[in-house]
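In: my questions concern the predicted model and sequence given below.
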Amino acid sequence: MFWNLVATVFAGLGAAGIALLLRSITRNKLPKWIIPVFAGAGMLGYQIYYEYSWFDHQQGRQPEGSVVISSERGEVFWRPWTYFYPMTVAFTVVDTKNLVKHETEDATLVEFILYRFEKKHIDLVTHRAHLLNCDTAEVLPMTEARQADITRLRTLDTSDTLYKAVCQH
């Protein structure tokens, strides 16, 4: 967050410098108000760039073996450009390097953790352990005490990205 603020300020200063250069090239024929306009446009342009590159940046920071399961695009009312081109506001990742397989007589169970990243005023990361039966494609979240939460059982399609990442890895 701090470095984003620093980069925004420097983008504004750089754009204001370009406006000053343009004024000096034209021998001050351009109006003085062009300097703050360029500064504001530079800061706004950097913020828009940062917001739309957030997903790629966060995805690049994931450890090797991480698979993006889903992503959510959305609009934010104080960012009117998102109504024309929605930005990624959240995504879910599974770390395939830390899967725990349990072979039983009846089924192959895989324990894994889903990480959810949300873009808010500061980035929010939540995680939750899950258990997936690879034979029946049933997945259920686990409680903090590592107990299966049967009430939230759901069935995945075998073509689902989560099923493929966990069971076919």
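Out: Perfect, thanks for sending it.

In: I'd guessed Thr126 sits against Tyr115; true?
Out: Yes. If you go by Cβ atoms under 8 Å, Thr126 and Tyr115 touch, sitting 7.4 Å apart. Where you see a C-beta, it was placed from the backbone N, CA and C, and this is true even at glycine.

In: who has more neighbours, these two?
Out: Tyr115 (16 against 10; other Cβ atoms under 10 Å).

In: kindly export the helix or strand hosting that one (C-alpha atoms) in CSV.
Out: Taking DSSP states H and E as the criterion, Tyr115 maps to strand 108-118. C-alpha atoms of strand 108-118 as CSV (Å, rounded to 0.1, in the frame of the first residue of the first chain):
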residue,chain,number,x,y,z
THR,A,108,-9.2,-41.7,-2.7
LEU,A,109,-9.5,-38.6,-0.4
VAL,A,110,-7.3,-35.6,-0.9
GLU,A,111,-6.9,-32.9,1.7
PHE,A,112,-6.0,-29.4,0.4
ILE,A,113,-6.2,-25.7,1.2
LEU,A,114,-8.0,-23.2,-0.9
TYR,A,115,-6.6,-19.6,-0.7
ARG,A,116,-8.8,-16.7,-1.7
PHE,A,117,-7.3,-13.3,-2.6
GLU,A,118,-9.5,-10.2,-2.6
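
In: I'd like to know which elements that strand is packed against.
Out: Judged by 3 or more Cβ pairs under 8 Å, 6 or more residues apart in numbering; DSSP states H and E, the packing partners of strand 108-118 are strand 87-95, strand 100-103, strand 124-133, helix 161-167.

In: mind listing what's buried in the longest one?
Out: Buried residues in strand 124-133, counted by 16 or more other Cβ atoms under 10 Å: 130-133.

In: tell me the angle of it relative to strand 87-95?
Out: 50 degrees (axes from the mean of the first three to the mean of the last three Cα atoms, to 10 degrees).
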